[in-house]
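>>> Here you go, sequence then predicted model.
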Amino acid sequence: MSVSKVTKKLGRLLLTAFLFGPAMAFAEYSTLNMTESVSNVGQQMYDLHMLVLWICVVAGVLVFGVIIWSIIFHRKSKGAKPAHFHENTTIEVVWTSIPLIILVAIAVPATKTLLEYEDTTNSDLTIKATGWQWKWEYDYIDDKVGDSKGIRFFSSLSKESNDARQLGANKEFPEHYLLDVDKRIVVPVGKKVRILTTASDVIHSWWVPELAIKRDAIPGFINESWFQAEKEGVYRGQCAELCGKDHGFMPIVVEVKSVEGYKQWALAAKGDASKAAAAAAAASGKSYTKAELMAKGQAVYKKSCFFCHGANGEGTGPFPALVGSKIITGPVAAHINIVANGKPNTAMAAFAKQGLSALDIAAVVTYERNAWGNNMGDIVQPSQVSQ
Amino acid sequence: MSEHHAAPTGITRWLFTTNHKDIGTLYLWFSFIMLLLGGSMAMVIRSELMYPGMQVVDPNFFNMMTTMHGLIMVFGAIMPAMVGLANWLIPMMIGAPDMALPRMNNWSFWILPGAAILLVAPMFMGGDFMAGQGPAFGWTFYEPLSGQYGKLAFFVFAVHLLGFSSIMGSINIIATILNMRAPGMTLMKMPMFVWTWLITAFLLIAVMPVLAGVVTMMLTDKYFGTSFFDAAGGGDPVMFQHVFWFFGHPEVYIMILPAFGVVSMIIPTFARKKLFGYASMVYATAAIAFLSFIVWAHHMFTVGMPVAGELYFMYATVMIAVPTAVKVFNWTATMWKGSMTFEIPMLWAIAFVFMFTIGGFTGLMLGLTPVDFQYHDTYFVVAHFHYVLVTGSLFAIIAAFYYWVPKWTGNMYPPLLSKIHFWASLISVNVLFFPQHFIGLAGMPRRIPDYAVQFADWNYWSSIGGFAFGLSQILFLVIVIKTIKGGEKATDQVWESAEGLEWTIPSPAPYHTFATPPEVK
């Protein structure tokens, strides 16, 4: 995009801004204060927030009141003569002590809430959340409520939101724009859910405001935290630590169901997972025609690759072009390797670990080698990837 | 002064100057250019965030804007402006003829443009500017994200140069203050601005090497196969944050302590009353500086520290509220029963006291670990640090400009334009940053190029305020140029009840001042 186009766009933006700006209203949300929580500890955090807020408001009114009083009454134009005091040990001791006492008073509930928040023992359900650039992977690793152990899936921005968030898309915003995913995690109501966070590439942070949980997901570390939702419902959050280009587009959606509903969900999810695994295993043994691979490859490319490498393999910003690149024109094995295993110290992820099957990888490699003027003529079969 | 010390002219005057006033001017102009550059990036950010949906730039370009905006404002605008004020004012305030190490002074300025070029240059490499080739990992450059950046070396060497410049500048300031005070000016008679800079200079010398160390580790991780911050090689990405914030927290006090000094000079002048509690102001500044070294991990409450660590850093952090409150009370008591007038510098100083205090309150809230879990990395944090850095540090710098520019140029500022500049800035800056408290509390993360529609209203108003605040600073540029070119002539005393050695010399200040030291009683 050229600079002149940008200025034009800015101009149009400014014009519409003044015309329609104030008309937008989304009344159903409270956008003035902290989100109240559906967990007990979360509600304590909210109460602590309100306590400190009011202390600050009172302190502010007092201090600002004195300054405003001086501004109004102790001004030269009203004939005020300056007093000569510039020291007073008593008052200085008093106004050093008062903030100290207030701080101790705040520290007591803060300490209590913190200790409760950090107590991750006796959980009913443990889910591992792994941050990837730019999606979340969930792994149900322990369950005392139902039978969810072993459920594992990726959760990324919903297709509707993803289409609407493209530069200049100008589409109508879907419901829950940017806060909707293709696959939610489901947990039971009234149970202590322990969340383990980690990451595979850079630091992410797992945050759901209404569950009052925010914990960084750091490569090489496993962090613990927990929540216990006391109300059924769907709670939305997003990544809270800058993690690269699409940091703003990896939301988190948690659905809190009744214990019974949760158990049924776990059963169904497991059935779906085993069917999908069987299908993938069958697919990896088959052979495909070039047309089949190209069609499948284009779909995979659109889902996983084009954010960085561009719709036509032209590359964007620091992310390299694929048209005529050395990987494309080099041996197939190296191409498969970089797609499957990524490139260390760059944003190129290991897609084999991100849920791309052998068929997906074979198809997308075939597609990249034969699209947008690349003309290697290679066909890659899933069996080559499995090796 | 004798004739052979006449001021040289042309470009060589500025390139080879060892004169503290010339170097102060260079620093201030450099800082202003950086302010406008960083500010224009803020305009791009606010344009993209004005409405939900992506309209102006792509996400990578957006990240580059937030990153470069932060780096340029911190290292290019605020810090050099404070050093510029120190250069101009410290020798005149303590009755010294110049800085103690004038040649090093020249060098510490002239490193800066080179550093700025290294920092900014990658944005223009590789053809397509709109694609965003510059750093896009946030001004805090957390590993491992920053390690993914292909042109990391530019950034690392830019930071090294900035560090050299700051350390040389600080050594100079310390040497000047400790060795070159006029006879009779004991430490406890020094103006507050000199005190705050003395303490700031020690902070700088303590932490800039830490910053240099952390970027060097990034460099060897990226190019020489070490694994300081790479978990896969046995390194520790959280250690990066510890080292960074060990620099980063004192850094924020480096940007605010000289601002405290400026305001402590201005308020007594226009309240016509001595600064209340001078000694406690000095001790409070020193206490804040000391505490700044032992609270760094409050920036990292969500990384998963042991609970004992979280408790310690919470208690230590909220302790800072005590000396900070003492300062605000002292300014208030200075105004109380004064005989106040409201010239332009005083307006900015009073605005500073109000809005810095608001930033202090939100700072206290952020210091409480359990609630910080909700505030962390949201627009609430963005609102907080813009209240302390824009309506805090930047407002104090602007106040200092209006207060001392008659001494620097011999001209008064244009009164009407200056009044418009103040009121336009004051109103727009609050429209810009106050709503960011709301959207932050309501759940909008920082550093995102697009947001859910419930945040739309306040983002809209924030953008309107942002554009207005940006325009107001163009007016400031006009005022600066007009004042340098002409205007009502200033007297030597300038302000009725201003105290200090700088008001005993003519306006404009001659090229060389205090060749023979004055006597301080």
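Structure's in. What do you need? Treat the numbers as computed from the prediction; the structure is a model and nothing was measured.
>>> Spell out whether the helix or strand where B:Val405 lies and chain A are in contact.
Here B:Val405, judged by DSSP states H and E, is contained in helix B:395-409. No: residues of helix B:395-409 contacting chain A under CB under 8 Å from any CB of the partner chain: none, with a closest distance of 15.3 Å. Just so you know, the C-beta spots here come from the backbone N, C-alpha and C atoms, and that holds for glycine as well.
>>> so after that helix, what's the next helix or strand?
Next along the chain from helix B:395-409, counting by DSSP H and E, comes helix B:415-441.
>>> Just want the angle from the helix or strand following that following helix to helix B:395-409.
Going down the chain from helix B:415-441, the next helix or strand is helix B:456-485, by DSSP H and E. Orientation check (axes from the mean of the first three to the mean of the last three CA atoms, to 10 degrees): helix B:456-485 against helix B:395-409 gives 10 degrees.
>>> how about helix B:456-485: buried residues?
Going by neighbour count (16 or more other CB atoms under 10 Å in any protein chain shown), the buried part of helix B:456-485 is B:456-470, B:472-473, B:476, B:479-480, B:483.
>>> With stretch A:299-310 instead?
Neighbour counts over stretch A:299-310 (16+ other CB under 10 Å) mark A:300-301, A:304-305, A:307-310 as buried.
>>> Does at least one residue of whichever strand or helix holds B:Val326 sit close to chain A?
Assigned by DSSP H and E, B:Val326 belongs to helix B:321-335. Yes: residues of helix B:321-335 are located near chain A by CB under 8 Å from any CB, namely B:321-322, B:325-326, B:328-329, B:332-335.
>>> which of the residues you listed lies closest to A:Glu314?
Distance to A:Glu314, by CB to CB, is smallest for B:Ala321 among the residues of helix B:321-335 next to chain A, at 53.1 Å.
>>> at contact distance from chain B, anything in stretch A:238-250?
Yes: using CB under 8 Å from any CB, stretch A:238-250 reaches chain B at A:238-249.
>>> mind checking how far the strand or helix carrying B:Trp348 is from the chain centre?
Using DSSP H and E, B:Trp348 sits within helix B:344-367. Remark: helix B:344-367 is offset 14 Å from the chain centroid, using CA atoms, centre = their mean, to the nearest Å.
>>> Next: stretch A:100-114.
Its chain's C-alpha centre and that of stretch A:100-114 lie 31 Å apart, by CA atoms, centre = their mean.
>>> Can you show me the helices along the stretch 201-350 of chain B?
Counting by DSSP state H, counting those that start in this stretch, the stretch 201-350 of chain B has helices at residues B:237-271, B:278-292, B:307-319, B:321-335, B:344-367.
>>> In JSON lines, list those along with mean neighbour count.
Formatted as JSON lines, the helices of the stretch 201-350 of chain B follow (neighbours: other CB atoms under 10 Å in any protein chain shown):
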{"stretch": "helix B:237-271", "mean neighbour count": "24"}
{"stretch": "helix B:278-292", "mean neighbour count": "19"}
{"stretch": "helix B:307-319", "mean neighbour count": "19"}
{"stretch": "helix B:321-335", "mean neighbour count": "23"}
{"stretch": "helix B:344-367", "mean neighbour count": "23"}
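>>> Save the ones you listed as a markdown table, and put in mean pLDDT too.
Formatted as a markdown table, the helices of the stretch 201-350 of chain B follow (pLDDT from 0 to 100):
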| stretch | mean pLDDT |
| --- | --- |
| helix B:237-271 | 96 |
| helix B:278-292 | 94 |
| helix B:307-319 | 96 |
| helix B:321-335 | 95 |
| helix B:344-367 | 97 |
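>>> Go through the ones you listed and name the closest to A:Pro188.
Across the helices of the stretch 201-350 of chain B (criterion: CB to CB), the nearest stretch is helix B:307-319, sitting at 26.7 Å.
>>> tally of neighbours for the residue lying closest to B:Met335 once chain neighbours are set aside?
Using CB to CB, 6 or more residues apart in numbering or on different chains and skipping residues adjacent in sequence, the residue nearest B:Met335 is A:Ser70, 4.3 Å away. For A:Ser70, the count of nearby residues is 21 (other CB atoms under 10 Å in any protein chain shown).
>>> How about A:Val108?
With other CB under 10 Å as criterion, A:Val108 counts 9.
>>> Show me what the one helix or strand it maps to is packed against.
Using DSSP H and E, the element containing A:Val108 is helix A:89-117. Contact analysis of helix A:89-117 by 3 or more CB pairs under 8 Å, 6 or more residues apart in numbering or on different chains; DSSP states H and E lists helix A:40-73, helix B:307-319, helix B:321-335, helix B:369-375 as its packing neighbours.
>>> Compute the inter-axis angle for the first one and helix B:415-441.
When you say that, I think you mean helix A:40-73. Between the axes of helix A:40-73 and helix B:415-441, defined by the same axes, to 10 degrees, the angle is 160 degrees.
>>> Excluding its own residues, what touches stretch B:302-314? List them.
Residues outside stretch B:302-314 that contact it (CB atoms under 8 Å, 6 or more residues apart in numbering or on different chains): A:107, A:110-111, A:114-115, A:118, A:205, A:214-216, A:218, A:221, A:223-225, A:240-241, B:238, B:241, B:295-298, B:301, B:367-369, B:372-373, B:376-377.
>>> Give the buried subset of those as a ChimeraX selection command.
Selection of buried members from those for ChimeraX, criterion 16+ other CB under 10 Å:
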select /A:107,110,111,114,118,205,214,215,216,218,221,223,225,240,241 /B:238,241,295,296,297,298,301,367,368,369,372,373,376,377
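>>> Tell me the backbone dihedrals of the nearest residue to A:Asn312 once chain neighbours are set aside, please.
Spatial nearest neighbour of A:Asn312, excluding adjacent residues (CB to CB, 6+ apart): A:Trp372 at 4.9 Å. For A:Trp372, the backbone dihedrals (degrees, to the nearest 10) come out as phi 50, psi 40.
>>> how about B:Ser497, secondary structure?
Recorded secondary structure, B:Ser497: coil (DSSP: H, G, I helix; E, B strand; the rest coil).
>>> so what's the closest residue to it other than its chain neighbours up against?
Distances taken as CB to CB, 6+ apart place B:Arg272 nearest to B:Ser497, at 4.7 Å, with adjacent residues excluded. Contacts for B:Arg272 were tallied using CB under 8 Å, 6+ apart; they are A:76, A:82, B:338-341, B:496-497.
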